[in-house]
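In: Task: produce atomic coordinates for the following.
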Amino acid sequence: MSRVMRSDYCSDAGFTIIEVLVALAVSAASLAAIGGLIATSLKGVRTIEQRVSLLQAARVITTGLPKRGEFGLDTLNGEIAGHRWRIDVLPFFSDIVGEDSKNTWIPRTVAITVRSASGVVLRIDTVRLVRRREG
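Out: Numbering: from 1, shown residues only. Below you'll find the predicted structure:
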């Protein structure tokens, strides 16, 4: 009798191979989903870091713009912190304000382009007022 009881006990004391395979499949699917989420999060973090770096470079370039009296129609370019930049100062085209108006101030279009080493580009378009030259 003890032999029968022992074999009943042993047959109930473990997992079948199918149960183990199902548990492994569920674990693998869960780990794959978590890995996908981590990869997406890392990609988003890298994108945000690139954007912040570009914005910081653009802010430094913007604060270093020439004073109003030194502004002419020109193109400036250079590199700062691994970012190539270019500033284009162009006439501001409008029906209301133009070069031939009698205003003391003339608007200029200022286009700031910053390109990171990876090729991501940030462009800021703004307007700057320049005092009309007498004469």
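
In: all helices of this protein, in order?
Out: Remark: helices assigned in the chain by DSSP state H are 2-12, 17-63.

In: Show me what the mean pLDDT comes to for the longest one.
Out: Along helix 17-63, the predicted local confidence has a mean pLDDT of 92.

In: name the helices or strands packed onto it?
Out: Counting by 3 or more C-beta pairs under 8 Å, 6 or more residues apart in numbering; DSSP states H and E, the packing neighbours recorded for helix 17-63 are strand 75-80, strand 83-91, strand 105-115, strand 121-131. Backbone N, C-alpha and C define where each C-beta goes, glycine included.

In: what angle sits between it and strand 121-131?
Out: 20 degrees (axes from the mean of the first three to the mean of the last three C-alpha atoms, to 10 degrees).

In: distance between helix 17-63 and the chain's centre?
Out: The chain centroid and the centroid of helix 17-63 are separated by 15 Å, computed with C-alpha atoms, centre = their mean, to the nearest Å.

In: can you tell me how far Ala111 sits from Leu31?
Out: 48 Å (C-beta to C-beta, to the nearest Å).

In: So for those two, which sits in the more crowded spot?
Out: Neighbour tally, Ala111 and Leu31, criterion other C-beta atoms under 10 Å: the higher count belongs to Ala111, 14 against 10.

In: wait, doesn't the more buried one sit right on Arg128?
Out: No. Using C-beta atoms under 8 Å, Ala111 makes no contact with Arg128, being 11.0 Å away.

In: Can you give me the distance of the residue nearest the centre of the chain to Asn103?
Out: Centroid-nearest residue in the chain: Arg51, 2.9 Å away (criterion: C-alpha atoms, centre = their mean). Remark: distance between Arg51 and Asn103 (C-beta to C-beta) = 37 Å.

In: what's the answer for Thr62, then?
Out: 24 Å.

In: So which of those two has more stuff around it?
Out: Neighbour totals were compared for Thr62 and Asn103, and Thr62 leads with 14 against 11 (other C-beta under 10 Å).
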